[in-house]
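> Got a predicted structure plus its sequence, pasted below:
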Amino acid sequence: MILRASSQTLPVFSTEGVLTLCDANGFGGTVRLTAMGPDYRKVQEEDLDLGLPYADNARGIGPSEEAAAILAGRKSRTDCSMAIHVLDVLKTMERSSRSRTKRQSQL
């Protein structure tokens, strides 16, 4: 089966399916999960609800997110631990693709 992806999406392939991420240059878009069967045929496809309130062009949204987190008494999504986690996942994906083996993220 051939899955089509536009140049604005990032498909992340796994042994069980494909997670298609939306354009990282924007704040909205669809994240789609496509589950694949053992013969690599599409079994199920669903759009995931990210539950984020920011879908429009929202440059500079960091300070608003930080303020909302303080008011809600929760950890901000702009915290550096999220950036470290994203980098860890990307590096793990790179190591996995180079070695062609499954890898577990370090964090």
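Done, it's in.
> Okay, now the unreliable bits of this protein?
1-7, 25-27, 53-58, 101-107 (pLDDT under 70).
> If we use 50, what do you get?
1 (pLDDT under 50).
> residue ranges of the strands in it, please?
For the chain, the strands defined by DSSP state E occupy 10-13, 17-21, 31-36, 42-48.
> Need the CA coordinates for the first one. PDB is fine.
Going back to what we said before, that points to strand 10-13. Provided in PDB are the C-alpha atoms of strand 10-13 (Å, rounded to 0.1, in the frame of the first residue of the first chain):
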ATOM      1  CA  LEU A  10       5.500  14.500   8.400                       C
ATOM      2  CA  PRO A  11       4.600  10.800   8.300                       C
ATOM      3  CA  VAL A  12       6.000   8.800  11.200                       C
ATOM      4  CA  PHE A  13       6.100   5.100  10.200                       C
END
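> can you put the strands of the chain in TSV and add mean neighbour count?
Yep, even glycine has a C-beta here, placed from its N, CA and C like the rest. Putting the strands of the chain into TSV (neighbours: other C-beta atoms under 10 Å) gives the following:
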stretch	mean neighbour count
strand 10-13	13
strand 17-21	18
strand 31-36	16
strand 42-48	12
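> Export the ones you listed to JSON lines and append columns for distance to K91.
As requested, the strands of the chain are exported to JSON lines (distance: least, C-beta to C-beta, whole Å):
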{"stretch": "strand 10-13", "distance to K91": "14"}
{"stretch": "strand 17-21", "distance to K91": "17"}
{"stretch": "strand 31-36", "distance to K91": "21"}
{"stretch": "strand 42-48", "distance to K91": "24"}
